[in-house]
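S.K.: Let me see the structure of the following:
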Amino acid sequence: MVESGLTLLLFVPLFVIVLLANVADKQRAEGGSGTAYAGVSYTLHLIIFGTMAVVGALIHVVGIRMRTEEGMRQSLLDILSGGGVDQLESILPVLDRLEILGLGLWVPAVAAPLLLLPAVRGSVSQVLRTDPLSSVHAVAVSFVMLAVVNLTFTLGVGLETLADLSEAAPSDGGGLLLSLWVQQLTFALWALVGIGWLTRRTLAQALGRLGLVFPQPKEVAIGIGTGLVSVGVILVLEMVAAAAGWGFDEDVERLTESLIGPLLGSIPGILTLGLAAGIGEETLFRGALQPRFGLLFTSFLFAVVHSQYGITLSTLAVFIVGLILGGIRLRFNTSTCVIAHAAYNITLGMIAYLYPQLF
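M.R.: Next up, the predicted model:
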C-alpha cells in the first residue's frame, strides 16, 4: 500500500507538467501564445530535474572524497549505523560506487532541461517525428531522461547489490499485485493526459489517438498468436545464447525472482503480470509514444525502462519484443498490442508456474 501511494505521489508532478503543456499547445492552436502555461510547465520541470541534479552532484562529490580522503568511508559508515540503517552490510558495495552513481544521476538531470531549448528541439525534430513548437513534445522528449536516470541508477548500484537487497526484503504477493496494477494504470493515465485528454481531446478522441479500440475477433487471434510467437522467439534466443556461452545473467534472474516471483505462484498473479503490463505499457509506449518517436526509438526506450535487466541479454530480449509489438501497432492498433503483450507475459508465467524446474 505504501509503495502504491509513493508511485501515485511521484507521478503527480509529471501529470501536472504534461497537463500544463497540453493547455499551452491548445492555446497556440486557438491563436494564443500559450507562453504562461508553458512557462509554468517548464518551471516545474526545471525544479524536479534541478533537484535531481543537485542530489546527484552531492553524491558524486561524496564519492570523490571517499576515494581521495582516508577515513571518509568510515565516517559515512558511522553515520549510517548511528542512524539505524537496516541491511548495512548489503549496502556497503554501494558506497564504493557513489562517484559513478552520482554522475549517472546529475548528468541526465542536467541534460533534461536542455532538451527544452528551441535549438535543441529543432535538432530533435529532425530525428524524431516531433513538432519543435509543441510544449507537449518538448517535455515528452525531456522525460526520456527519467528512463536514463533509472537505468544509470541500476547500473550504479549494481545488479548483484540490488538482488541482495531485494532478497533481504521479500514482498508478499498481494502487495506486489496491487503495486503493479497501480503502476501500470498510472502509465495508462499518464498516456491519456499526455496526448491531450482533459485539455485538447475528448475521451473518445484520446482513445482513438492512442489506438485503443474494441478488438475484432481477427485482432484477438493475431494478438494471442503474436504473443505465443514472441515467446518462441525469446526461447530460441536463449538457447542460441546458451550455446554460444552467453547466458542470461544470474543476478538478473535473482532480481527478477525477488520482484515478481511471488506473483508467479498464483493464477491471479500471473494474470496481473499479463493484463496490467499489457494495458499500462502498451498504452504508453505503442499508443502514445510510438506515433511520435517511431518504432526503433520507442523499442529502445521500452528496453531501457526495464532497468532491472541492466544491460544484459534480457535487455536485448525486451528490445526484440518491443520491435514485434511495435510492428503490430503499425499494422493494426494498440488494442492488439495489449492482447499480444498480455499473451506473452501470461504464457511465460504459466510455463514458470507449471514447470518451475526450467527457471
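S.K.: what does the average pLDDT come to for the host helix or strand of Phe153?
M.R.: Using DSSP states H and E, Phe153 sits in helix 144-157. Mean per-residue pLDDT for helix 144-157: 91.
S.K.: Over to stretch 320-329?
M.R.: Taken as a whole, stretch 320-329 carries a mean pLDDT of 97.
S.K.: Show me what counts as buried in that stretch.
M.R.: By 16 or more other C-beta atoms under 10 Å, the buried positions in stretch 320-329 come out as Ile320, Val321, Gly322, Leu323, Ile324, Leu325, Gly326, Gly327, Ile328, Arg329. Placement of C-beta: from N, CA and C, glycine included.
S.K.: follow-up on the earlier one: what does the helix holding Phe153 rub up against?
M.R.: For helix 144-157, contacts defined as C-beta atoms under 8 Å, 6 or more residues apart in numbering pick out 49, 52, 94, 97, 100-101, 103-105, 107-109, 111-112, 115, 162, 301, 304-305, 307-308, 310-311.
S.K.: Now intersect those with the helices, please.
M.R.: Judged by DSSP state H, those include 49, 52, 94, 100-101, 103-105, 107-109, 111-112, 162, 301, 304-305 as members of helices.
S.K.: Check what pLDDT the residue most central in space within the chain gets.
M.R.: Nearest to the mean C-alpha position of the chain, counting by C-alpha atoms, centre = their mean, stands Val305 at 3.2 Å. Val305 carries a pLDDT value of 93.
S.K.: neighbours around the residue lying closest to it once chain neighbours are set aside, how many?
M.R.: Spatial nearest neighbour of Val305, chain neighbours left out: Ala147 (5.0 Å); criterion: C-beta to C-beta, 6 or more residues apart in numbering. Using other C-beta atoms under 10 Å, Ala147 has 18 neighbouring residues.
S.K.: quick one on the thing from earlier: got a ChimeraX select line for the buried ones in the contacts of helix 144-157?
M.R.: Provided next is the ChimeraX selection string for whichever of the contacts of helix 144-157 are buried by 16+ other C-beta under 10 Å:
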select :49,52,97,100,101,103,104,105,107,108,109,111,112,115,162,301,304,305,307,308,310
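S.K.: So which elements touch the helix or strand containing Ile47?
M.R.: Here Ile47 sits within helix 35-68, counting by DSSP H and E. Packing contacts for helix 35-68, counted by 3 or more C-beta pairs under 8 Å, 6 or more residues apart in numbering; DSSP states H and E, involve helix 2-29, helix 72-82, helix 98-114, helix 135-142.
S.K.: rewinding a little: okay, angle between the helix holding Phe153 and helix 98-114 too, please.
M.R.: Interaxial angle of helix 144-157 relative to helix 98-114 (axes from the mean of the first three to the mean of the last three C-alpha atoms, to 10 degrees): 180 degrees.
S.K.: Can I get stretch 36-46 as CSV, trimmed to CA atoms?
M.R.: Extracted in CSV, the C-alpha atoms of stretch 36-46 (Å, rounded to 0.1, in the frame of the first residue of the first chain):
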residue,chain,number,x,y,z
ALA,A,36,2.2,31.4,-19.4
TYR,A,37,1.2,27.8,-19.2
ALA,A,38,4.3,26.6,-21.0
GLY,A,39,6.4,28.7,-18.6
VAL,A,40,4.8,27.1,-15.5
SER,A,41,5.2,23.7,-17.0
TYR,A,42,8.9,24.2,-17.8
THR,A,43,9.5,25.8,-14.3
LEU,A,44,8.1,22.7,-12.6
HIS,A,45,10.2,20.6,-14.9
LEU,A,46,13.3,22.5,-14.0
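S.K.: what about that stretch, distance to the chain center?
M.R.: Centroid separation for stretch 36-46 versus its chain: 23 Å, with C-alpha atoms, centre = their mean, to the nearest Å.
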